[in-house]
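Participant: Fold the stuff below for me.
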Amino acid sequence: MAKRIKRPPVKLEKRQEWLRRYELDESPPKIAEADGYDVRTVRKQILLAQEEREGKEARVAVLREAMERHHRMMCDFAGKLDAEVQGEAPIPKTLQDDRMWKALKQHMPRSSLWYYLDRWDSLQQQLAELKQGIKKRLEKEVGADPELKTQQVLPHRSALGGLVAALEFQMAQRCRGRKGLTLQDYFRTRDEGSGLIAIEYGAFNMGTGSRVDGNSVRKMITNWEMKVTLWEEYKELGSLWQKLKNTRDKLREELAVIILRGVVTGHCIYCPM
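Facilitator: Numbers count the residues shown, from 1 in each chain. This next block holds a predicted model:
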């Protein structure tokens, strides 16, 4: 009786080789004969190699899908930032606290995006403080206007609030080179009965008074729209809006690269690998 030769355990490289030969149409019996193994061992190892390959391919597919989803989420987040910046609004704290903010920063720590986002936030704070100062000055100086104080029928508070709000709006529009409201197109009076009229300038309510009051408000609007353009705050407001515009353009360029590329470089703690 011939002595049975004991073969060493089949290693990963060997069974992968058998699988390649099998897929090139070399049958298990021929492989077994050529390599000196039992045909049952060859068949078992080929089957095991197929299962290993399928498992690896499945893991790769799952990882690829997870990575694609991860990058898509970051691109969607960049789109949210772009929408906020496009609307000239401060970046909401909810977005700054979002985990995707952290993920994006870890992926792109040296990107100019973070410099421009910090600058955007700083300019927004300066703008808010300047607007607050302008509102206080308007309330004080418009409130002291003799034309407003001599009116007997028109409630001072309604007229003052409407005038201040309208002037704030006009300053913000015109310091950016926009047309804003015009008296010809947006100053309106509406008959309220009993000899009274409602006075409006665009969306701003100027109170209710007589026809004389309406003419007085119109005159005040004309005078104050000229006066505020000479204020230092008006020039500063225009300068801040220009800086904000330049920063917005740079920010949107950085965000466009992320959104249009569809992927970001680097890694973060949330990467699925």
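
Participant: domain assignment for this protein?
Facilitator: Under the assignment automatic domain parsing, the domains of the chain span 12-65, 72-120+240-261, 124-237.

Participant: and the shortest one, what's its mean pLDDT?
Facilitator: In other words, domain 12-65. The average pLDDT within domain 12-65 is 88.

Participant: repeat for the longest one
Facilitator: Mean pLDDT, domain 124-237: 88.

Participant: Redo the domains of the chain as CSV? Include mean neighbour count.
Facilitator: C-beta here means a position set from N, CA and C on the backbone, and glycine is covered the same way. Below are the domains of the chain laid out as CSV (neighbours: other Cβ atoms under 10 Å):
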stretch, mean neighbour count
domain 12-65, 14
domain 72-120+240-261, 16
domain 124-237, 16
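
Participant: got a markdown table for those domains, with distance to residue 269 too?
Facilitator: Shown next, in a markdown table, are the domains of the chain (distance: least, Cβ to Cβ, whole Å):
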| stretch | distance to residue 269 |
| --- | --- |
| domain 12-65 | 16 |
| domain 72-120+240-261 | 7 |
| domain 124-237 | 29 |
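
Participant: Select the longest helix from the chain.
Facilitator: For the chain, the helix with the greatest residue count under DSSP state H is helix 39-86.

Participant: Which elements pack onto that one?
Facilitator: Judged by 3 or more Cβ pairs under 8 Å, 6 or more residues apart in numbering; DSSP states H and E, the packing partners of helix 39-86 are helix 12-23, helix 28-35, helix 93-96, helix 99-107, helix 232-261.

Participant: Between those helices, which one is closest to residue 63.
Facilitator: Of all the helices and strands packed on helix 39-86, helix 99-107 sits nearest to residue 63, with 17.0 Å by Cβ to Cβ.

Participant: Now do that closest one: which elements does it pack against?
Facilitator: helix 39-86.

Participant: How far off centre is the helix it packs on?
Facilitator: Helix 39-86 sits 28 Å away from the centroid of its parent chain (Cα atoms, centre = their mean, to the nearest Å).

Participant: and the angle from that helix to helix 232-261?
Facilitator: Orientation of helix 39-86 against helix 232-261 (axes from the mean of the first three to the mean of the last three Cα atoms, to 10 degrees) gives an angle of 160 degrees.

Participant: Who are the contact partners of the most centrally placed residue in the chain?
Facilitator: Nearest to the geometric centre of the chain sits residue 81, at 1.0 Å (Cα atoms, centre = their mean). Neighbouring residues of residue 81 by Cβ atoms under 8 Å, 6 or more residues apart in numbering: 91, 95, 117, 251, 255.
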